[in-house]
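Asks: Predicted model follows, preceded by the sequence.
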Amino acid sequence: MFPAARERFADARSDAWVRPALIAVTVLAAFLYFWHLSINGYANTYYSAAALAASESWKAWFFGSFDAGSFITVDKPPLSTMLMGLSVRLFGLSSLSILAPQALAGVATVIVLFQAVRRSFGPVAGLIAAVVMALTPVAVLMFRFNNPDALLTFLLVFAAWAVVRGLEDGRFRWAILASALVGLAFLTKYLQAYLVLPAFALVWLVAAHGSLRRRIAGLAIAGMTTLIASGWWVVIVDSIPAALRPYIGGSTNNSALDLLLGYDGLSRIFGFLSGRFGIDGGGGGGVDGGGGAGFGGTPGLFRLFNSEFVGQISWLIPFAVVALLAGLIIHMRASRTDRTRAGYLLWGGWFLVTAGVFSYMSGIIHPYYTVALAPAIAALVGAGTVDLWRLRSRSIFGGIGLAVAVLVTTFWGARLLATTPTFAAGLGTVALFAAFVAAAILLVPARIGLGRAPLAAAVIALAAILAGPVAYSLDTVASVNNGAIPSAGPAVAGTFGGADGFGRSGDGAVVRGGGPGQASVTSTSLVDYLVANKGSATWIVAVSGSQEAGSIELASGDAVMAMGGFSGSDPAPTLAQLQEYVRTGQLRYILIGGGGGPGGGFGGGGSSSIASWVAANGTAVNIAGGFGTLYDLAAAK
């Protein structure tokens, strides 16, 4: 191979072409994340309603309330809804104002990932990582959606970049920045943010500059920063009397600490929910709270390859594993502070810990959570490609490693495509053929001159392993995704998402998704009646659970009380509290038997007594039609 071509691919020391290439990748990401974005409507109405509330009330904005009246919060910390709320406040309520912050986070993630990988492995590796990140199906899905995972992923990648910068000079400021960003990620999705901490701590302790004492001191400072950045909001919320703030949705005792340690914490790992219905704002598990076979499949080593996860994230896992093993072997004799080996420790640790937790956790888990794996997989693919390419110039093992990674990965992708034979028919076969041709060329020792053929083979190999992800990503862009359990690509047997059985929107786009949080069909006459008769009430109506509540709230622009929180099972309000709301004129109408929560029953504390009291003291209004019975409680004051 020509030395100039080899240098250009492996090292790319001339920056003349790097910036245009990065711009091209950024444009690609922007296209995938912004094109026809409004097709998803309000996506997950649970978080969209909270964003509307945040735009109307600074109290709701701070607490992450579901409604502007701040009756109850969503079952996640507030940072994601804070950003969406600011967007809605600035630009008005629309699909774009709700979803654009996530799309922007996606584009920023691609750029920051490039910068982080470039500093450890060079610009070519950075560009490959950026392309892989942009084209990962679950990333395309979540950066076009309004669940907190988009912001979480961006903040963690930003934190990884700060760690890489800190490894270069050993300055504590970078460790502090990384810790602060992890803290912000914690305020986006609680304990999931901490899955990267073992990798961050390991790489700092092993590879940072300075003495061991200095490195330990850096870790201590970083740990304190993480706790402060993570805990300040929780401390403030739990210090405020319950009467002056909303009920903490998802908790059993109206405590943010209970939520983060229980429902959003240890119960996710071990599967206990203290009797609560196993579902949350991002979807849920079975009645027993365990992910089980209903959501996420059976815990185990190969969970990420089951029918629910497989099309979201598994495409390039074989390549990432080969790359990690090869990279650690290639650099096993490197100096302690070698930035390339440190990069493998960082991204490899991120991948192994996160994949391990996702694979074995017994609580609620959904396939879209795996967007948190995408940056690590992308970084390992970029790093491994370049390292094995460099090794090929001096050893046959480089070519063998590349060939094995390409063939195994492409074979897995072709097999996955074969599970949906009517989708992208023949693409897997074409990709396999291209992979075999590329592998054959890459196996030829570098000392045997083949001109530019090996470089062309490397490009073809990358195209082959990305064929499936590209097809799934484009399908995701062209499809409507809404509800609490979104899914990228076509349906695979046993999944919730996908095209099969979900119909099409008015413009012909496939509609997929499901679970609570999906926009329910709300009676226009019901909404018009409630708005016209709101008077001075704080909430125009109270309903069980968030599904119907969110739809009415978004349709009317007014606060709706979601009794029982997301699933209708939270112990709020009590009968006494509800009676007080009615007595003081804050609430007049209650809808019973509407969309309700996932449990299908009437929510709130003492739900049966509430339903009985409403039926006995309210006057039925003939307006709700097939959406339940609307009761007027004006006479019950």
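Replies: Nice, thanks for sending it over. Quantities reported herein were computed from a predicted structural model and do not represent experimental measurements.

Asks: Roughly how far does the residue positioned nearest the centre of the chain sit from L373?
Replies: Nearest residue to the geometric centre of the chain (CA atoms, centre = their mean): D149, 2.5 Å. Distance of D149 to L373, given as CB to CB, to the nearest Å: 11 Å. (Each C-beta comes from the backbone N, C-alpha and C, glycine too.)

Asks: Check I128 too.
Replies: From I128 to L373 the distance is 17 Å (CB to CB).

Asks: How about A125?
Replies: In this structure, A125 and L373 are 18 Å apart, going by CB to CB.

Asks: residue contacts, A636?
Replies: A636 sits next to Q579, V582, R583, N617, G618 when contact means CB atoms under 8 Å, 6 or more residues apart in numbering.

Asks: Check A180 too.
Replies: T225, T226, A229.

Asks: Most neighbours among those residues, which one is it?
Replies: Top of the contacts of A180 by neighbour number is T226, holding 25 neighbours under the definition other CB atoms under 10 Å.

Asks: which residues of this structure score low on pLDDT?
Replies: Applying pLDDT under 70 to the chain flags residues 1-14, 273-295, 492-521, 594-606, 624-626.

Asks: Pop the domain breakdown of it in here.
Replies: 8-468, 524-636 (automatic domain parsing).

Asks: and those as a markdown table, adding distance to S479?
Replies: Shown next, in a markdown table, are the domains of the chain (distance: least, CB to CB, whole Å):
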| stretch | distance to S479 |
| --- | --- |
| domain 8-468 | 8 |
| domain 524-636 | 21 |
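
Asks: quick one: which of these is nearest S487?
Replies: Closest to S487 of the domains of the chain, according to CB to CB: domain 8-468, at 6.4 Å.

Asks: Figure out how far that closest one is from the centre of its chain.
Replies: Mean-position distance between domain 8-468 and its chain equals 8 Å (CA atoms, centre = their mean, to the nearest Å).

Asks: Just give the nearest non-adjacent residue to G223, would you?
Replies: S179 (7.3 Å; CB to CB, 6 or more residues apart in numbering).

Asks: residues of the strand or helix carrying the one you found that come out buried?
Replies: Assigning secondary structure by DSSP states H and E places S179 in helix 172-189. The neighbour-count check on helix 172-189 (16 or more other CB atoms under 10 Å) flags 172, 174-189 as buried.

Asks: picking that back up, right, and the domains of the chain - which one's nearest L474?
Replies: domain 8-468 (8.2 Å).

Asks: quick one, helices of the stretch 151-300 of the chain?
Replies: Along the stretch 151-300 of the chain, counting by DSSP state H, counting those that start in this stretch, helices occupy 172-189, 197-207, 212-239, 256-261, 267-270.

Asks: Let's have those in CSV, adding distance to G166.
Replies: Shown next, in CSV, are these (distance: least, CB to CB, whole Å):
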stretch, distance to G166
helix 172-189, 3
helix 197-207, 7
helix 212-239, 8
helix 256-261, 27
helix 267-270, 29
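
Asks: Of all the ones you listed, which one comes closest to F66?
Replies: Checking the helices of the stretch 151-300 of the chain against F66 by CB to CB gives helix 256-261 as the closest, at 13.9 Å.

Asks: and the closest residue to G106 other than its chain neighbours, how many neighbours?
Replies: Among residues not flanking G106 along the chain, F143 sits closest, at 2.8 Å (CB to CB, 6+ apart). F143 is flanked by 31 other residues according to other CB under 10 Å.

Asks: right, and F143 touches A108 too?
Replies: No - taking contacts as CB atoms under 8 Å, F143 lies outside contact range of A108: 9.8 Å.

Asks: Quick one: residues in contact with stretch 227-238.
Replies: 63, 77-78, 179-180, 182-184, 186-187, 193, 245, 248, 255-257, 260.

Asks: With just CA atoms, put that stretch into PDB.
Replies: Extracted C-alpha coordinates of stretch 227-238, given in PDB (Å, rounded to 0.1, in the frame of the first residue of the first chain):
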ATOM      1  CA  LEU A 227     -22.000  14.000  45.500                       C
ATOM      2  CA  ILE A 228     -22.600  17.700  45.700                       C
ATOM      3  CA  ALA A 229     -23.600  18.100  42.000                       C
ATOM      4  CA  SER A 230     -25.900  15.100  42.300                       C
ATOM      5  CA  GLY A 231     -27.400  15.700  45.700                       C
ATOM      6  CA  TRP A 232     -28.200  19.400  46.000                       C
ATOM      7  CA  TRP A 233     -31.600  19.200  44.400                       C
ATOM      8  CA  VAL A 234     -32.600  16.100  46.400                       C
ATOM      9  CA  VAL A 235     -31.600  17.800  49.700                       C
ATOM     10  CA  ILE A 236     -33.500  21.000  48.800                       C
ATOM     11  CA  VAL A 237     -36.600  19.100  47.800                       C
ATOM     12  CA  ASP A 238     -36.700  16.900  50.800                       C
END
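
Asks: list the buried ones in it?
Replies: Across stretch 227-238, burial judged by 16+ other CB under 10 Å covers A229, S230, G231, W233, V234, V237.

Asks: export the residues you listed to JSON lines and tack on distance to L83?
Replies: JSON lines is the format used below for those (distance: CB to CB, whole Å):
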{"residue": "A229", "distance to L83": "17"}
{"residue": "S230", "distance to L83": "18"}
{"residue": "G231", "distance to L83": "20"}
{"residue": "W233", "distance to L83": "14"}
{"residue": "V234", "distance to L83": "19"}
{"residue": "V237", "distance to L83": "18"}
